[in-house]
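1. Fold the following and give me the result.
(one chain, ligands or ions: 3)
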Amino acid sequence: MLQLPSRNSVSCIGLASYQLFEQVAFSFNGGKDSTVLLHLLRAGYYLHKGKSECFQGNLSDSMLNCPIRTIYFESPSAFPEINSFTYETATVYNLQLETIRLDFKSGLEALLREKPTKAIFLGTRIGDPNAVGQEQFSPSSIGWPPFMRVNPILDWSYRDVWAFILTCKVKYCSLYDQGYTSIGSIYDTVPNALLSIVDSSSTTEIFKPAYMLSDGRSERAGRMKKLPLKCDTACLNNGVTNVSQSGSFIASIIVVGDEILFGTAEDKLSAVLCKKLNAIGWQVTRMTVVQNDIDCVAAQVEQQKSTNYMVFLLGGLGPMHSDVSLAGVAKAFGVRLAPDEEFEEYLRLLIGKHCTGDRNEMALLPEGITELMQHSKLPVPLIKCQNVIILAATNVSELETQWDCLLETPSHPLMRLPPFMSKHLGTMLSDVETAQTISKLCLEFPDIYIGCQRKSRVGPLVITFVGKDKTRIELAAEKLSNSFPAGAFSGGDCG
Ligand SMILES: Cc1cc2nc3c(=O)[nH]c(=O)nc-3n(C[C@H](O)[C@H](O)[C@H](O)COP(=O)(O)O)c2cc1C
Ligand SMILES: Nc1ncnc2c1ncn2[C@@H]1O[C@H](COP(=O)(O)OP(=O)(O)OP(=O)(O)O)[C@@H](O)[C@H]1O
Ligand SMILES: [Mg+2]
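-> Ligands and ions are numbered 1, 2, ... in the order given. Got it, this is the predicted structure:
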């Protein structure tokens, strides 16, 4: 008898569906995972409703039917085989199919406007990129219409899926017999090369069926990666998105921490990081503090990674990197978190038998985009995911060590440029007296940042000059001093 991977799959279905049958929907796309889910839903429906109908004599019908609301997002780039399998299956099992021809988010918004929908069943499994951070019951993400995502087969493996399909002898989409192991669109999916049969006599390439794939970790090998980053080395010099007008590389800092947002902890690290970046000539364009939440991190990383040359992520890492930051980065890049053997080895050496949790779980890193940057002074390597660097520092001294190591690693991802320098002048003149002259100075020195700041209402006004050319900074400061009576300004050297 077939062993279901988890009793949870069944209870998950029971819990979510049959009390609220009208307000739940099943998201079906003809893929293997949603095919498994369809038959679990049918079984659940039969157990809860069918039995009473059986007594009325219509056993065969009740066993076939599953009149659950079913949503299918049909796209022009779907494989014709997927489309036809979806429609045929809906007819065979009497599914109440609602075809939506919009993107997922807009489609769901329209759906929820039209019909109250509290929960949607999905065939998401833990290795899927979009499963990052999800549980069997996961509310939809922030920014999405509100419903509960129900993932009964979240913990099923690739092997479990095929064992179920083959043992129960249920029909599946024909593409899986042609070597496809996971199906996206016609533009980004090909048969899995690991199933290719070498046959010199044949001119066309032949593939074994999907269930022959021995290592489920390669399930998505036929799926091409999402579009590459806008911000990679190819656009290093385009000067539009990731290099500032003054020719500096631009970076942004994302701090993850509920404590900072509640005001119970202070963020000291990003100020230090700004100074470090300025000292190697980089300009920081934005510092953002986000909640300790995978979707919040993902949204911010997604936004920042394409408009900055480098993004630094601070905080949000639990003991040994197992927290939301890495999951957020994985989600932002549309990849899954996968065990990393090299990282696992570092953790093993570091914590050895003191580890109480699952070390493998701690060694989950964003798949295919992660570079480990090792340095002899670091107990575990720094993690870089394309142009996102995750700094695991918890205090200033750790940050300083990590920064020094980062600059010394062989792949040195941070190019050193002429540093930024600054000069400060103090005056007891009022803002009104100085404003016009400073505005004119800003126009005359577009390469120098000139800003004013007061520590208190009655204290001196401090004018700051920041730039990369010492002579220009001194000239701007001198011009300001010379515009007022001698002795009106006092200040230190440029440094
Ligand atoms: C019914 C349904 C609900 C979804 N809810 C969310 C959501 O709450 N948050 C989210 O980021 N994506 C959501 N998505 C999008 C999926 O995470 C994912 O992008 C989609 O299934 C495409 O996966 P693929 O890129 O592997 O083909 C939803 C998709 C569907 C069909
Ligand atoms: N176009 C779609 N319409 C309706 N539901 C969808 C659609 N795309 C994805 N889903 C939902 O998301 C789940 C996960 O998608 P995913 O592509 O990982 O699995 P699958 O399509 O069932 O199988 P495979 O991994 O072989 O492609 C699906 O099982 C389904 O519930
Ligand atoms: Mg699919």
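2. List the residues that contact residue 210.
-> 32, 162, 176-177, 179-181, 192, 195 (Cβ atoms under 8 Å, 6 or more residues apart in numbering). C-beta coordinates here come from the backbone N, C-alpha and C atoms, glycine included.
3. quick one: low-confidence ranges for the stretch 201-350 of the chain?
-> Low-confidence segments of the stretch 201-350 of the chain (pLDDT under 70): 225-247, 316-322.
4. Is any residue of stretch 127-146 near ligand 3?
-> No. Looking at stretch 127-146 against ligand 3 by Cβ under 5 Å from the ion, there are no contacts, and the closest approach is 8.7 Å.
5. And that stretch, end to end?
-> 24 Å (Cα to Cα, to the nearest Å).
6. Repeat that for stretch 483-495.
-> Start-to-end, stretch 483-495 (Cα to Cα) is 23 Å.
7. returning to that earlier point: from the contacts of residue 210, which would you call buried?
-> For those, a neighbour count by 16 or more other Cβ atoms under 10 Å gives the buried set as 32, 162, 176, 179-181, 192, 195.
8. wait, what's in contact with the closest residue to residue 428 other than its chain neighbours?
-> Computed as Cβ to Cβ, 6 or more residues apart in numbering, the closest residue to residue 428 that is not its neighbour in sequence is residue 460, at 5.6 Å. Applying Cβ under 8 Å, 6+ apart to residue 460 gives the contacts 426-428, 454.
9. would TSV of those residues with distance to residue 74 be doable?
-> Listed next are the contacts of residue 460 as TSV, based on distance: Cβ to Cβ, whole Å:
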residue	distance to residue 74
426	67
427	68
428	71
454	61
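10. Nearest to ligand 3 among the residues you listed?
-> Nearest to ligand 3 out of those is residue 454 (Cβ to the ion; 58.6 Å).
11. Is the closest one in contact with residue 434, as I believe?
-> No. Assessed by Cβ atoms under 8 Å, residue 454 is found out of contact with residue 434, at 11.6 Å.
12. shared neighbours, those two?
-> Residues touching both residue 454 and residue 434 (Cβ under 8 Å, 6+ apart) are residue 461.
13. any idea how far the nearest residue to residue 266 once chain neighbours are set aside is from ligand 1?
-> Computed as Cβ to Cβ, 6+ apart, the closest residue to residue 266 that is not its neighbour in sequence is residue 260, at 7.1 Å. Computed as Cβ to the nearest ligand atom, to the nearest Å, the residue 260 to ligand 1 distance reads 25 Å.
14. Please identify which of residue 454 and residue 434 sits among more neighbours.
-> Ranked by neighbour count (other Cβ atoms under 10 Å), residue 454 and residue 434 place residue 434 first, with 20 against 11.
15. elements contacting the helix or strand harbouring residue 289?
-> Secondary structure from DSSP states H and E places residue 289 in strand 283-290. Secondary-structure packing of strand 283-290 (3 or more Cβ pairs under 8 Å, 6 or more residues apart in numbering; DSSP states H and E): strand 250-256, helix 269-279, helix 294-305.
16. near ligand 2, which residues of the protein?
-> Proximity of the chain to ligand 2, by Cβ under 6 Å from any ligand atom, involves residues 27-29, 31-34, 71-73, 122-124, 128, 182-183.
17. Looking at these, spot the one nearest ligand 1.
-> residue 27 (3.9 Å; Cβ to the nearest ligand atom).
18. Next up, the contacts around the closest one.
-> The contact partners of residue 27, taken as Cβ under 8 Å, 6+ apart, are 34, 70-73, 120-123.
19. near ligand 1, from those?
-> Among the contacts of residue 27, the residues within reach of ligand 1 (Cβ under 6 Å from any ligand atom) are 73, 120, 122.
20. Most proximal residue of the stretch 351-495 of the chain with respect to ligand 3?
-> Taking Cβ to the ion as the measure, the stretch 351-495 of the chain has residue 367 as its residue closest to ligand 3, at 17.3 Å.
21. what does the chain give?
-> Nearest residue of the chain to ligand 3 (Cβ to the ion) works out as residue 31 at 3.6 Å.
22. Number of residues surrounding that residue?
-> The local packing of residue 31 (other Cβ under 10 Å) involves 22 other residues.
23. Relative to residue 86, how far out is the closest residue to it other than its chain neighbours?
-> Setting aside the residues directly before and after it, residue 31 is nearest to residue 183 in space (Cβ to Cβ, 6+ apart), at 5.4 Å. As judged by Cβ to Cβ, to the nearest Å, residue 183 and residue 86 stand 11 Å apart.
24. who touches both of these two?
-> Counting by Cβ under 8 Å, 6+ apart, nothing touches both residue 183 and residue 86.
25. Tell me the residues of the chain that contact ligand 1?
-> Within reach of ligand 1 by Cβ under 6 Å from any ligand atom, the chain has these residues: 27, 73, 104, 108, 120, 122, 128-130, 140-141, 144, 149, 184.
26. Let me have the residues you listed in TSV, extended by pLDDT and secondary structure.
-> As requested, these are exported to TSV (pLDDT from 0 to 100; DSSP: H, G, I helix; E, B strand; the rest coil):
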residue	pLDDT	secondary structure
27	98	strand
73	96	strand
104	95	helix
108	97	helix
120	97	strand
122	98	coil
128	89	coil
129	86	helix
130	87	helix
140	94	coil
141	91	coil
144	94	coil
149	97	strand
184	93	coil
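27. Drop anything exposed from the residues you listed.
-> 27, 73, 108, 120, 122, 128-129, 140-141, 149, 184.
28. can you name the two of those residues that are farthest apart?
-> The largest separation in these, counting by Cβ to Cβ, is between 140 and 184 at 21.3 Å.
29. quick one: secondary structure of whatever residue of the stretch 101-250 of the chain ends up closest to ligand 2?
-> For the stretch 101-250 of the chain, the residue closest to ligand 2 is residue 123, as judged by Cβ to the nearest ligand atom, at 2.4 Å. Here residue 123 is recorded as coil under DSSP: H, G, I helix; E, B strand; the rest coil.
30. now do residue 440
-> The local conformation at residue 440, judged by three-state DSSP, is helix.
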